[in-house]
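**Student:** everything below, folded, please.
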Amino acid sequence: MKTDKRKPHISVIGAGAVDDVDYAIAYEVGKRIAQKGGVVVCGGLGGVMEGACCGAREAGGVSVAIIPGSDPESANECATVVVATGMGHARNALVVQSGQGVVALPGLSGTLSEVALALKMGKPVVGVAAWSGIDGVEDMPDAASAVERVFELLK
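**Tutor:** Sure thing, here's the model as predicted:
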């Protein structure tokens, strides 16, 4: 018999190559998710994904890296759990399906595909200064408000 609830899983999506500002935002998002008792789910590579995993690790949390290739060693060094899919970009569906909600940072077409998939799946999507022009995406000005909002939407 199951007696405890699972921790909320939050997918963090965004560009694989970012500047220091977006990396810091991703780091704060991951850290805040972990501090609130959540699990970070991401694509497991660099940029936003690495920042979120490293932030979660610093806060003592867990991150699940769903990588596109077959080699677990290709995941970023901060990932706690690595799922090597060998699926390429198709793994984007697994990233958003595995989270109960999504925090979306700036990105390119891969991130856009994840935003679209999350909306099709009925997942709440909160952008951090990104994706405000897409119906169904709530845009927040910073990491703190984005994480707070995604947790509110899960209640």
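
**Student:** and residue 31, what does it touch?
**Tutor:** When contacts are counted by C-beta atoms under 8 Å, 6 or more residues apart in numbering, residue 31 touches 55, 56, 58, 59, 61. The C-beta positions use only the backbone N, C-alpha and C, and glycine is treated the same way.

**Student:** stretch 91-102: which residues count as buried?
**Tutor:** Within stretch 91-102, the residues that qualify as buried are 91, 92, 93, 94, 95, 96, 98, 99, 100, 101, 102, counting by 16 or more other C-beta atoms under 10 Å.

**Student:** now do the helix or strand encompassing the fifth one: distance to the chain's middle.
**Tutor:** Read that as residue 95. Assessed by DSSP states H and E, residue 95 sits inside helix 91-97. Distance, stretch centre to chain centre, for helix 91-97: 10 Å (C-alpha atoms, centre = their mean, to the nearest Å).

**Student:** residues of the host helix or strand of residue 152 that come out buried?
**Tutor:** Following DSSP H and E, one finds residue 152 within helix 143-154. Buried positions in helix 143-154, judged by neighbour count with 16+ other C-beta under 10 Å: 143, 146, 147, 149, 150, 151.

**Student:** and which of the contacts of residue 31 is nearest residue 71?
**Tutor:** residue 56 (21.9 Å; C-beta to C-beta).

**Student:** now do the SS call for the closest one.
**Tutor:** Here residue 56 is recorded as helix under DSSP: H, G, I helix; E, B strand; the rest coil.

**Student:** report the contact partners of it.
**Tutor:** Shown in contact with residue 56 (C-beta under 8 Å, 6+ apart): 30, 31, 33, 34, 39, 40, 62, 63, 78, 80.
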